[in-house]
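Enquirer: Requesting a structural model of the entry that follows:
(chains A and B, ligands or ions: 1)
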Amino acid sequence: MNAAQRQPAEAKFEPLLQFEMEMGTFLSDWHHCDQLSNFMARMISHNRTDPVRHSNFFSSALNELLEVSFRGGSPEGRIGCSVFRQGPKERVELSFPCSPTQRRFFREAVARTHKGDAYARYLDAISTDLAPSREIVLLDLAINFDAEIRLEEDDPPSISIIVDLPLEGIVS
Amino acid sequence: MSTAVLAAPFQAVFDANSQEFSLAGVIRPRSVDEIAYSITEFRRAIDEARGVLYINVKRLAQMNNTAFHAFSRVVLDACRTRSDIRFVVVTSSVVGWTERMFRHLGKIEPQITVEVYDSKFYPGQSFVEDTSFIPILRAQTKMTWRHERTILPRHGMRPGIAMADICCGIGDFAVLAQKEFQPARIVALDHSKPSLAYARKVAAEFGVTGIEYTYGDASEMLLEDNQFDFVTCRHSLQIFNQPELLLKELYRIVKPGGRVYITNEKNSHCLGEPRAQSIQWTYNELARLLSHFEMDVELGPKSRRYLADAGFDDILVESFMITNLDGDPQDFADVIAGWEKMFAAMAARHGEAPEFIDRFRQGFRDHIFAALHPKGYAGWPIWAASGRKPL
Ligand SMILES: C[S@@+](CC[C@H](N)C(=O)[O-])C[C@H]1O[C@@H](n2cnc3c(N)ncnc32)[C@H](O)[C@@H]1O
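Expert: Now for the predicted structure:
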């Protein structure tokens, strides 16, 4: 997977790091989410103004995304995660295979992060839902991490969730 | 994976005396069942609490949405059934996302307030974090480095190690250590944003890269356990009212077999000739004055005890004297002039009489006089000590 080539218009996002693994292997242990997010966060944060706090913040966001793919992905195929940088922003591109139902769910959930009522929905989900939905995770990223989220679906059954995180500005 | 494995990296503790429920560490469960015990404890804490329940998340390094949702539900439900109780969520300015995430709870229920814990760790903090302190720190390190560069290898400093300088101030020690010893990694942590900004600027100007300057609270650090071969904490234990808390953290982050290195003073032993008596009087008074701010600037010779009590073994202690003859006597004089200004301000804050402050200042001036006198001698003793974290 090479997002930089797929999006020539955004070549200014420099690739920093990527990993790929069999989805089956990824799904074999829940702790992969925690371990991968910490490891990647550490690697990409070392040259940020405050590497320790940047890494903590970034790990928090990336872990949520990986958990989303853990809960919503299907076992055949590969999961890939690339991190890019442009100035104060990091872009995470997370691709994984999922069912058509899941795809539809993600399409709607991502669209809701752009709507004017996103914050109201988020508060409502915290105060009334019995369990956190994966929708709330994307709202959490949009609201608490100022993330810009979009979806690419040109390689089914995989989808790519692309998340721009302006963390440098929040951390330092 | 068993829940026991998952449960290990976090703590959920209720202290009934302070009505405080604390969450710390990394809480990233796959399902709520894995944290069921902590949730039950949280409910019990709410049942027991009267008036206000503090929810302390200062040391919460990570929490996923699953856990956030589960704990939030408990508080929000409690707000609906218990109008007699208020909740105060205490977040830290260090862990950025906690404040952003928890503040929403206050929007949902007016019974919940979210506070950011910051500063006021110890009584003398406002003086130490003041920018006027920067040039003093700079001159101090310039003088101590002449000695420490030969002392440090005896305490475990060597090339290729992972080191941390906690309470790094303006970071010049980290730069000097980087140049001289080429460690593989240096993390430099302080709680003064102006000092850190200055540190980053100096590093950039000198083309020094790779030092990870980070904002943090030394008594509750985000750094993981057992990470460093060598941890330094210079001139800082002595300014905390609870040095043992800090040592506990230094102990936590150093690897087993690694060493923690501390330097401290015994201010009443500063000396000079001529005008020895006036100098002596002022430094005795200084130690007394700072004790009112709960700083123990007599800590140096107590290093051995502090290290032993914190669990270190193979403890090494040595002392050295910085004098006006080490290099340019003017450097010595500049440091003392900085002290005079800062400590006179603290004396005034403490409500000392003007006559006292005059005499107090005079001792520093006499110390400067001794330092610059062609036949004079002026000294500032420092204790360097280190201990090993047992394997
Ligand atoms: C006396 S200075 C020593 C600085 C430096 N080690 C040196 O020798 O130049 C003490 C330092 O501790 C820092 N400090 C105070 N409280 C702190 C805390 N809770 N966490 C981290 N640093 C703190 C202050 O900002 C200050 O830079």
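Enquirer: Tell me where the stretch 151-300 of chain B has helices.
Expert: Secondary structure of the stretch 151-300 of chain B (DSSP state H, counting those that start in this stretch): helices at B:172-181, B:193-205, B:243-253, B:276-292.
Enquirer: gap between B:N56 and B:G25?
Expert: In this view, B:N56 and B:G25 are 13 Å apart by CB to CB, to the nearest Å. For the C-beta atoms, the positions are set from N, CA and C on the backbone; glycine is no exception.
Enquirer: what number of residues lie near the residue in the stretch 51-200 of chain B that chain A sits nearest to?
Expert: In the stretch 51-200 of chain B, no residue comes nearer to chain A than B:H69, which is 3.9 Å away by CB to the nearest CB. Close neighbours of B:H69, defined as other CB atoms under 10 Å in any protein chain shown, add up to 21.
Enquirer: didn't A:R78 look like it was pressed against A:F19?
Expert: No. Using CB atoms under 8 Å, A:R78 makes no contact with A:F19, being 10.2 Å away.
Enquirer: Quickly note the distance from the spatially most central residue of chain A to the ligand.
Expert: For chain A, A:L65 is the residue whose C-alpha lies nearest the centre (CA atoms, centre = their mean; 3.9 Å). Remark: distance between A:L65 and the ligand (CB to the nearest ligand atom, to the nearest Å) = 32 Å.
Enquirer: give me the element that residue is part of.
Expert: Using DSSP states H and E, A:L65 maps to helix A:51-72.
Enquirer: Check whether that helix comes near chain B.
Expert: Yes. Counting by CB under 8 Å from any CB of the partner chain, chain B has neighbours in helix A:51-72: A:51-53, A:56-57, A:59-60, A:63-64, A:67.
Enquirer: hang on, the earlier thing: turn the helices of the stretch 151-300 of chain B into JSON lines, including distance to chain A and mean pLDDT.
Expert: As requested, these are exported to JSON lines (distance: least, CB to the nearest CB, whole Å; pLDDT from 0 to 100):
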{"stretch": "helix B:172-181", "distance to chain A": "13", "mean pLDDT": "94"}
{"stretch": "helix B:193-205", "distance to chain A": "7", "mean pLDDT": "90"}
{"stretch": "helix B:243-253", "distance to chain A": "11", "mean pLDDT": "96"}
{"stretch": "helix B:276-292", "distance to chain A": "30", "mean pLDDT": "97"}
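Enquirer: Which one of the ones you listed lies nearest to the ligand?
Expert: When those are ranked by proximity to the ligand, the top entry is helix B:193-205, at 5.1 Å, counting by CB to the nearest ligand atom.
Enquirer: The closest one packs against which elements?
Expert: helix B:134-151, helix B:172-181, strand B:185-190, strand B:211-215 (3 or more CB pairs under 8 Å, 6 or more residues apart in numbering or on different chains; DSSP states H and E).
Enquirer: What about B:D77, how many residues nearby?
Expert: Neighbour count for B:D77, taken as other CB under 10 Å: 13.
Enquirer: again but with A:H46, I slipped
Expert: With other CB under 10 Å as criterion, A:H46 counts 14.
Enquirer: Who are the contact partners of it?
Expert: Going by CB atoms under 8 Å, 6 or more residues apart in numbering or on different chains, A:H46 touches B:210, B:212.
Enquirer: Which residues of chain A lie near chain B?
Expert: Counting by CB under 8 Å from any CB, the residues of chain A near chain B are A:29-31, A:33-34, A:46-47, A:49-53, A:56-57, A:59-60, A:63-64, A:67, A:122-123, A:126-127, A:129-132, A:136-137, A:140, A:143-145, A:170-171.
Enquirer: please redo it, this time with the cut-off set to 7 Å
Expert: The interface of chain A toward chain B, taken as CB under 7 Å from any CB of the partner chain, is made up of A:29-31, A:34, A:46, A:49-53, A:56-57, A:59-60, A:63-64, A:67, A:123, A:126-127, A:131-132, A:136-137, A:140, A:144, A:170-171.
Enquirer: all strands for the chain, in order.
Expert: Picking chain A for this. Applying DSSP state E to chain A gives strands spanning A:14-22, A:78-86, A:89-97, A:148-155, A:158-165.
Enquirer: not what I meant, chain B
Expert: Under DSSP E, chain B gives strands at B:10-15, B:20-27, B:52-56, B:60-63, B:86-92, B:112-117, B:162-166, B:185-190, B:211-215, B:228-234, B:254-265, B:271-273, B:313-323, B:377-388.
Enquirer: hmm, what's the outermost residue in chain B?
Expert: B:T81 (41.3 Å).
Enquirer: And for chain A?
Expert: Farthest-from-centroid check, chain A (CA atoms, centre = their mean): A:T128, 24.8 Å.
Enquirer: give me every residue that touches that residue.
Expert: If you count contacts by CB atoms under 7 Å, 6 or more residues apart in numbering or on different chains, A:T128 has none.
Enquirer: so where is the chain shaky, pLDDT-wise?
Expert: The chain I'm using is chain A. Flagging of chain A using pLDDT under 70 yields the residue ranges A:1-11, A:131-132.
Enquirer: Switch to chain B, please.
Expert: B:1-8, B:118-129.
Enquirer: which parts of it sit against chain A?
Expert: B:1, B:28, B:30, B:32, B:61-62, B:64-66, B:69, B:72, B:76, B:94-97, B:100-101, B:104, B:107-108, B:187, B:200, B:212-216, B:222-223.
Enquirer: Pretty sure B:I108 sits against B:C79.
Expert: No. B:I108 lies out of contact with B:C79 (CB atoms under 7 Å); the separation is 8.3 Å.
Enquirer: circling back to that earlier point, tabulate the helices and strands packed on helix B:193-205 in CSV, adding columns for mean neighbour count.
Expert: Listed next are the helices and strands packed on helix B:193-205 as CSV, based on neighbours: other CB atoms under 10 Å in any protein chain shown:
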stretch, mean neighbour count
helix B:134-151, 18
helix B:172-181, 20
strand B:185-190, 25
strand B:211-215, 24
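Enquirer: Could you check which residue of chain A lies nearest the ligand?
Expert: A:V52 (12.4 Å).
Enquirer: Enumerate every residue touching that residue.
Expert: Per CB under 7 Å, 6+ apart, neighbours of A:V52: B:187, B:212, B:214, B:216, B:222-223.
Enquirer: can you point me to the longest helix in chain B?
Expert: helix B:329-349 (DSSP state H).
Enquirer: Counting by contacts, list what that helix packs against.
Expert: helix B:134-151, helix B:276-292, helix B:354-372 (3 or more CB pairs under 7 Å, 6 or more residues apart in numbering or on different chains; DSSP states H and E).
Enquirer: The longest one versus strand B:377-388: what angle between them?
Expert: Helix B:354-372 runs at 90 degrees relative to strand B:377-388, counting by axes from the mean of the first three to the mean of the last three CA atoms, to 10 degrees.
Enquirer: Counting neighbours, what do you get for residue 94?
Expert: If you meant another chain, say so; for now it's chain A. Neighbour number of A:L94 under other CB under 10 Å is 20.
Enquirer: that answer is for a different chain, and I need it for chain B
Expert: 26.
Enquirer: what sits against it?
Expert: Going by CB under 7 Å, 6+ apart, B:V94 touches A:53, B:215-217, B:222.
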